[in-house]
Structures are given as structure tokens and as C-alpha cells.
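Q: just to be clear, the model below is a prediction. Sequence and coordinates:
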Amino acid sequence: MTVQDFGRILRARWKIICGTIAVVVLAAVGYSLLAIPQYQASVRLFVSTPSDGTNTQTYDGGLFAERRVLSYTELLTGDVLARRTIDKLGLDMTAAALLHGVEASETVLIDVTVTDPSPTRARDIANTLADEFVVMAAGLETPELGEPPNARVVVQQRAELPSSPMNSKTARILAIAAVM
């Protein structure tokens, strides 16, 4: 096939090519307009352990905190905390629906990201999850005899109101549609 043959085919089928492009671009525009915007709000939790200042205990405490964070991440994405958050905020949703938009990633810090169609509700859920988790962790980590807790969780950074939706990518969707 030569370039002239390719040009001849394009000239003969230009209506089909233009129609296909128009349909794909219109479908992309429709998707962009009908998609429910999603907002993300993030909160950061810090896990610490008590230390008397010696290097050995500080190192051991750091390892203990790292291991604890793995368990804490599971608790943050569990039904008990979701139900407590729903009850505190008076939300009309199930625990599974709330947890569908919650992600937690771990290092020594725990970053919790909440995705929701409402920016205010995303922020409120993230902050309430964090507050309820701090209470839950304190209850789990405090020994019965009044000794200091084995680990402590504090909210290092509260969630702020998201300013724009995370899925507002209309220009990119249209460009991909035009290329396709």
C-alpha cells in the first residue's frame, strides 16, 4: 500500500471517519457532563510510642510503631469505626458504602483519604474517622492498671475542604476521545 492508496481510502471514507470521531467526542462530552464529581479529603495520623530517651528504647519503639501501623490501617478501614463515624455524623449510608470511599496507606504515618461526591462530607468523614480512631486506639492501647499506653495516635494534619473535584478532567477526556 502506498501513500497515494492510503489517501484515496481516506478520501473515499471521510464521512465514516468524521462520523466516528463525532460520536466518540460526543460520548466523551456526555460522560464528562454526567459523571458525578468526586472530592478527596485527607487526614494524617502519627503513631508514637513512649521512650525514656535511650537509643535502644527509641529504636524498639520505632519498630513497635511500624508494626502497629499495619494493624491500625486494618482498623481504620473496618466496620466498627465506619459505624461509629456514621453515627457521629448522622449519615444516611451503610458502613460498606462509607468504606468504599476510604483508603489508608501506612508508613509510621497513616494517611487516610476519603472520596465522596460532597466536599464538605468528604472532609467531615475524614476528620471524624481520625477523631474516632484516636479514641479507639487509646482504648485498645491503654493497660488496665493505669500504666501509660503502649502506643499513642495523634492527628498530625486535619483534612481541609477540597477546592475542586478530583475527576474534573474534561479536557483530557476529550483529547483522548479525539485521538481514539
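A: Looks like it arrived, so ask away. Residues are numbered from 1 along each chain as shown.
Q: neighbouring strands for the longest strand anywhere in the chain, and are they parallel or not?
A: When the chain is parsed with DSSP state E, its longest strand is strand 39-48. Sheet pairing here is set by DSSP bridges, and for strand 39-48 it gives strand 109-116 (antiparallel), strand 152-157 (antiparallel).
Q: quick one: those strands as TSV, columns for distance to Asp92 and mean pLDDT too.
A: The C-beta positions use only the backbone N, C-alpha and C, and glycine is treated the same way. Output for these, formatted as TSV (distance: least, C-beta to C-beta, whole Å; pLDDT from 0 to 100):
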stretch	distance to Asp92	mean pLDDT
strand 109-116	13	89
strand 152-157	26	87
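Q: out of the ones you listed, deepest packed?
A: Comparing the strands paired with strand 39-48 by mean neighbour count (mean count of other C-beta atoms under 10 Å), strand 109-116 ranks first with a mean of 21.
Q: quick revisit: could I get the strands paired with strand 39-48 as JSON lines with distance to Asp87?
A: Formatted as JSON lines, the strands paired with strand 39-48 follow (distance: least, C-beta to C-beta, whole Å):
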{"stretch": "strand 109-116", "distance to Asp87": "17"}
{"stretch": "strand 152-157", "distance to Asp87": "20"}
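Q: closest one to Val25 among those strands?
A: Nearest to Val25, of all the strands paired with strand 39-48, is strand 109-116, at 27.6 Å by C-beta to C-beta.
Q: how far is the closest one from where the chain is centred?
A: Mean-position distance between strand 109-116 and its chain equals 5 Å (C-alpha atoms, centre = their mean, to the nearest Å).
Q: many thanks, we can stop here.
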